[in-house]
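> Have a look at this fold, sequence not included:
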């Protein structure tokens, strides 16, 4: 490992400039095919060899066409070799034609790469209810092998919508004495909520992982990462997290009984958590990342519901935006979370500043609290006295800009 | 009945200038006791005789002290003769001292009026976690019999917080050939959400009503009115709806087997619905009332959940604010409502403009849609094809002003 790497945990390192192509055997790229005015709007990731693959998908009943096609791809062999994603139009609520378009997109993409059709996944993000401009998309797909379109940074850009920055990273650790990397790229911004929202995350690893184990791991980890972020409480039609594991690191195939399984799980968990936090921090109009840590709940599930109740409260979010230590709104959100708890045992802290102890306010310096709330990462602690359940959720403040962005998204 | 009254339904009339003292035997008033800078902050309603009474209360676990005291009052005989309410401080999360203060407030109020203590109800609204300034409150209570403080308009003003206007009205109809009136006053603004939010509503009637029937009626009606409004999804510690029925209309005491029971239920339902809509329209930063009518759901409960999902969506609320006919956000909110439904049978209309039919967009004039969305009352129709369940919910748009108001509520 290089000496300037940041140790995230013992033996797990964050790579400077790490990205989705850091793991061996992956390439990526992006181009402008014309769905959007000038921004890159078509991106892809490719693995030299078919990779074990797993996906998790939006719970929204109006699941978009590309998600159906991607699920079909993975269902066949639990493998993927490439992913193509467009931004600008979501291909959701587009009926038969939309499904036909998603199949066509998959087919042309697979053809150009010379891979089996069911090794290709498709993803879309953007406006709902409009058909994809297939001519533009097909022209774009025809150019994905052009040298000038290559590079992970282009991929990271091509999948964005109202995001203000690219979200990509990679980590490294060892398994079976081999260096293993996990890379990821994501887009988020609006409509981000627990249970997957307009949120796309693509994760690559060169680890060899058995597909069933990969699927179980992704599902568990998603519930603690991507499903614990909220921007505005809306859950979109297009959300998806895909992971590919192509085995190029040459470790012994990982599954639950591999002695270093937990190292992989921690690594995958870290990548998902870091991407989730980047998504929350870059929520529409957000000026800061808000983390809510709940402990002492009856169960982890109760802690999870309470942390989501706090992070989803418009009143908490506006108070944080105004750097106002209005703990009453936090306690109120705890109180309507629908979870069993003893109100007289609730304590709340803003960073290291206690503001509520055992359900009652404690004196604190408004000045210190304001100074803390002006920081760009805020941690709200809620400690209950009901058990050992704990959970962490992430979100952002609610600003004028959120309203500005969303009052006129289409026009 | 006067000729200039508006017929709400056959035989039910909205009175011009009707208010909480329109029913016989009620007086009301308000004064400035000094909790707030200059606004009236202490109000009361008084019935000449003890009245049948019923209440519904917030589901928030951190139920404020005054709610506990009021429930105790009503529990004793199911009667009330007077209600006192302060604004500015909520007396919530104030522990033993808060409870003591609420009892003291009740006692002094009852003493000044010369009524039994358990015939008095107390209510508070405002900041959480601060103790009531009891000296000011007691001084205020000592002046409630002063002529200059009398009048329903003063009561309506005294209970407001960030509300921009008073909310009061009254209706009339006949029962047993006697004229019966129902009057109401409410405050709302922020933290309004299904399941009672910082929302106080006080309803008076001169009908004679058996208290158990009154309680059942209030509960049922609240679920279709006050519990169907949302401003920001937060449910407060202090919400309460109280109804008093003092029998001065001299009808035969009403209960479920009275032949005109349904007329009374309709009347009470109308008052609650009108107050609820006024609260939604005056939501913090709101520029318009948004009504969501869902029909064709599997059950009424499913329709209710779907309508609340739509009306609570920040993305729908900002789109309405921007007069943007972004039906994709409406369909998305339907899709994540957690209810069983067939996505291919969902139709959506904005007023009389169909925008989605059977899950697919239909062409519509953006200009017409924009013109409609610029009106001050918007109705969103969602028709499902799954059954006969229907429900209506009310809310408002999400504006810059909501953020402005809430980013600095305390400071």
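Nice, I can see it. Not measured: the values here are computed from a predicted model.
> Up against chain B, what does the stretch 201-350 of chain A have?
A:232-237, A:312-315, A:318-319, A:321-322, A:324, A:326-329, A:331-336, A:341, A:343-344 (C-beta under 8 Å from any C-beta of the partner chain). All C-beta spots, glycine's among them, are computed from the backbone N, C-alpha and C.
> Parallel or antiparallel, list what pairs with the longest strand anywhere in chain A.
Criterion DSSP state E: the longest strand present in chain A is strand A:42-57. Partner strands and pairing direction for strand A:42-57 (DSSP bridges) are strand A:26-31 (antiparallel), strand A:79-89 (antiparallel), strand A:240-245 (antiparallel).
> Go through that strand and flag the buried ones.
Counting neighbours by 16 or more other C-beta atoms under 10 Å in any protein chain shown, one finds that the buried residues in strand A:42-57 are A:42-47, A:50-57.
> Just give me the closest of these to chain B.
Set against chain B, the nearest of the buried residues of strand A:42-57 by C-beta to the nearest C-beta is residue A:57 (12.6 Å).
> does the closest one have beta-bridge partners, and which?
residue A:240.
> quick one: it and residue A:72 touch, right?
No. If you go by C-beta atoms under 8 Å, residue A:57 and residue A:72 don't touch, sitting 11.8 Å apart.
> looking only at pLDDT, what's the mean for the helix or strand harbouring residue A:171?
For residue A:171, the host element (DSSP states H and E) is strand A:167-175. If you average the pLDDT over strand A:167-175, you get 96.
> so it versus strand A:26-31, what angle?
For strand A:167-175 against strand A:26-31, the angle between stretch directions is 180 degrees (axes from the mean of the first three to the mean of the last three C-alpha atoms, to 10 degrees).
> what packs against strand A:167-175?
strand A:12-14, helix A:152-158, strand A:178-187, helix A:261-281 (3 or more C-beta pairs under 8 Å, 6 or more residues apart in numbering or on different chains; DSSP states H and E).
> Can you add distance to residue B:181 and give those back as a markdown table?
Output for the helices and strands packed on strand A:167-175, formatted as a markdown table (distance: least, C-beta to C-beta, whole Å):
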| stretch | distance to residue B:181 |
| --- | --- |
| strand A:12-14 | 71 |
| helix A:152-158 | 66 |
| strand A:178-187 | 58 |
| helix A:261-281 | 53 |
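> To residue B:88, which of these lies closest?
Nearest of the helices and strands packed on strand A:167-175 to residue B:88, taken as C-beta to C-beta: helix A:261-281 at 35.0 Å.
> buried sites along the closest one?
In helix A:261-281, the ones that count as buried by 16+ other C-beta under 10 Å are A:261, A:263-281.
> ok so, going back, of the strands paired with strand A:42-57, which stretch is the most buried?
Mean neighbours per residue, mean count of other C-beta atoms under 10 Å in any protein chain shown, is largest over the strands paired with strand A:42-57 for strand A:240-245, with a mean of 28.
> thinking again about what came up before, just flag the most distant two among the buried residues of strand A:42-57.
Among those, A:42 and A:52 lie farthest apart (C-beta to C-beta), at 25.4 Å.
> before we move on, back to that, how about the helix or strand following the longest strand of chain A against chain B, any contact?
Next helix or strand after strand A:42-57 toward the C-terminus (DSSP H and E): helix A:65-77. No. Helix A:65-77 lies out of reach of chain B by C-beta under 8 Å from any C-beta, never closer than 12.0 Å.
> Need the residues that contact helix A:65-77.
For helix A:65-77, contacts defined as C-beta atoms under 8 Å, 6 or more residues apart in numbering or on different chains pick out A:50, A:53-55, A:57-58, A:80, A:91-92, A:94, A:98-99, A:101-103, A:105-106, A:117-124, A:238, A:240, A:242.
> ok and that helix relative to strand A:240-245, angle-wise?
Put simply, helix A:65-77 runs at 30 degrees to strand A:240-245, going by the same axes, to 10 degrees.
> Please, where are all the helices along the stretch 251-400 of chain A?
A:261-281, A:300-312, A:314-321, A:327-335, A:366-373, A:400-407 (DSSP state H, counting those that start in this stretch).
> I'd like to know which of the ones you listed is closest to residue A:156.
That would be helix A:261-281 among the helices of the stretch 251-400 of chain A, by C-beta to C-beta, at 10.9 Å.
> What mean pLDDT does the closest one get?
Here the average pLDDT along helix A:261-281 is 94.
> Stretch A:135-152 too?
pLDDT averaged over stretch A:135-152 gives 97.
> Sketch out the low-pLDDT regions of chain A for me.
Applying pLDDT under 70 to chain A picks out residues A:1-7, A:189-197, A:231-235, A:408-411.
> quick one, what contacts the most centrally placed residue in it?
Centroid-nearest residue in chain A: residue A:276, 4.2 Å away (criterion: C-alpha atoms, centre = their mean). Applying C-beta under 8 Å, 6+ apart, we find residue A:276 in contact with A:186, A:225-226, A:228-229, A:394.
> Contacts only, for the residue nearest to residue A:129 when sequence neighbours are not counted.
Of all residues not flanking residue A:129 in the chain, residue B:361 sits nearest, at 4.1 Å (C-beta to C-beta, 6 or more residues apart in numbering or on different chains). By C-beta under 8 Å, 6+ apart, the contact list for residue B:361 reads A:93, A:129-130, B:327, B:355.
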